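Trainee: after the sequence you'll find the predicted model.
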Amino acid sequence: MMKATMVRDLPQAERPREKLLSEGPRALTNAELLAILLRTGTKEESVLHLAERILSRFKELGIASLVNVSPLELSEIKGIGPAKALTILAAIEFGRRIGSKAAEQRQIIQGPEDVAAYAMPRLRYQTKEYFLVLLLNMKNQVLSLQTISVGSLSASIVHPREVFQAALRQSAAAVILIHNHPSGDPSPSQEDIAITGRLVQAGKLMDIPVLDHVIIGDNKYISLKEKGMVK
């Protein structure tokens, strides 16, 4: 049986840690970045091969699917114990929070692209349907983002009372409705259109206009205002 090539057998310039130091993190492949987190492989397999094997397991769903993986799922992979599994998950969560924080820095909402940039890090990988309301002041600055309901994979039940109670509590001048489609396809359903119409009418009665309803998919979104469904 051929001896496995270990990281220590590679030229220094090709070792992940040394490569990161000399060229920066952007020069590393996904497998090399993961290898740095894992630190060690096994007696039969280098840490790089282990990292490549982990990534190949999630190749069909894409690397982003690691966001929803459980410690148990990772620990079932040969060569991954609880400590390595938790290190990977901690790094993923840290990256997710950085992405969310970056979105929060966009305080002025000028159009649906701003709404999508703000909400995408929070919603893109959720496996349930979340219905949120973005509360704005008179200058279209974000006051807060409130979760109104969490539904199943197919539907969320939203009542105008919850939406506008949140708006009244923070003296919002206007609101934008946001929800995700866990399927990744942001195309509006008949239920989405019906809920939008009901909330737009309620907003007119409350004198708190609904400016838009943005549906978040997998790295894409649809604005119901742009589709002529919010007037």
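Mentor: Now that the structure is in, tell me what you want to look at.
Trainee: buried residues in the longest helix anywhere in the chain?
Mentor: Across the chain, the longest stretch assigned as helix under DSSP state H is helix 82-104. Buried residues in helix 82-104, counted by 16 or more other Cβ atoms under 10 Å: 84-85, 88-89, 92, 103. C-beta here means a position set from N, CA and C on the backbone, and glycine is covered the same way.
Trainee: possible to save those as a markdown table with distance to Leu143 and pLDDT?
Mentor: Listed next are the buried residues of helix 82-104 as a markdown table, based on distance: Cβ to Cβ, whole Å; pLDDT from 0 to 100:
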| residue | distance to Leu143 | pLDDT |
| --- | --- | --- |
| Lys84 | 41 | 93 |
| Ala85 | 38 | 93 |
| Ile88 | 36 | 93 |
| Leu89 | 32 | 93 |
| Ile92 | 29 | 90 |
| Ala103 | 15 | 58 |
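Trainee: just after the longest helix of the chain, pick out the following helix or strand.
Mentor: helix 112-123 (DSSP states H and E).
Trainee: quick one: average pLDDT of that following helix?
Mentor: Mean per-residue pLDDT for helix 112-123: 92.
Trainee: quick one: buried residues of it?
Mentor: Buried, per 16+ other Cβ under 10 Å, within helix 112-123: 112, 114-116, 118-123.
Trainee: what does stretch 183-203 give?
Mentor: Quick answer for stretch 183-203 (16+ other Cβ under 10 Å): 186, 188, 192, 195-197, 199-200, 202-203.
Trainee: so the helix or strand bottoming out on mean pLDDT in the chain versus helix 112-123, what angle?
Mentor: None of the helices or strands of the chain scores lower by mean pLDDT, DSSP states H and E than helix 82-104, at a mean of 83. Angle, helix 82-104 to helix 112-123, by axes from the mean of the first three to the mean of the last three Cα atoms, to 10 degrees: 160 degrees.
Trainee: so which elements touch helix 82-104?
Mentor: Packing contacts for helix 82-104, counted by 3 or more Cβ pairs under 8 Å, 6 or more residues apart in numbering; DSSP states H and E, involve helix 30-38, helix 71-75, helix 112-123.
Trainee: of those, which approaches Gly24 most closely?
Mentor: helix 30-38 (11.6 Å; Cβ to Cβ).
Trainee: ok, now which ones touch Lys84?
Mentor: 37-38, 74 (Cβ atoms under 8 Å, 6 or more residues apart in numbering).
Trainee: between those residues, which sits nearest Gly99?
Mentor: When these are compared against Gly99 (criterion: Cβ to Cβ), the nearest one is Leu37, at 17.6 Å.
Trainee: okay, domains of the protein per the record?
Mentor: 7-101, 107-223 (automatic domain parsing).
Trainee: mean pLDDT for those domains: which is lowest?
Mentor: Minimum mean pLDDT among the domains of the chain: domain 7-101, a mean of 86.
Trainee: just checking, next helix/strand downstream of the longest strand belonging to the chain?
Mentor: Ranked by residue count and defined by DSSP state E, the top strand of the chain is strand 142-150. Once the chain leaves strand 142-150, the next helix or strand it forms, by DSSP H and E, is helix 160-169.
Trainee: among the helices and strands packed on helix 82-104, which comes closest to Val158?
Mentor: Of the helices and strands packed on helix 82-104, nearest to Val158 by Cβ to Cβ is helix 112-123, at 15.1 Å.
Trainee: now do the following helix or strand past the closest one: distance to the chain's middle.
Mentor: Heading C-terminal from helix 112-123, the first helix or strand you meet, by DSSP H and E, is strand 130-136. Relative to its chain's centre, strand 130-136 lies at 16 Å (Cα atoms, centre = their mean, to the nearest Å).
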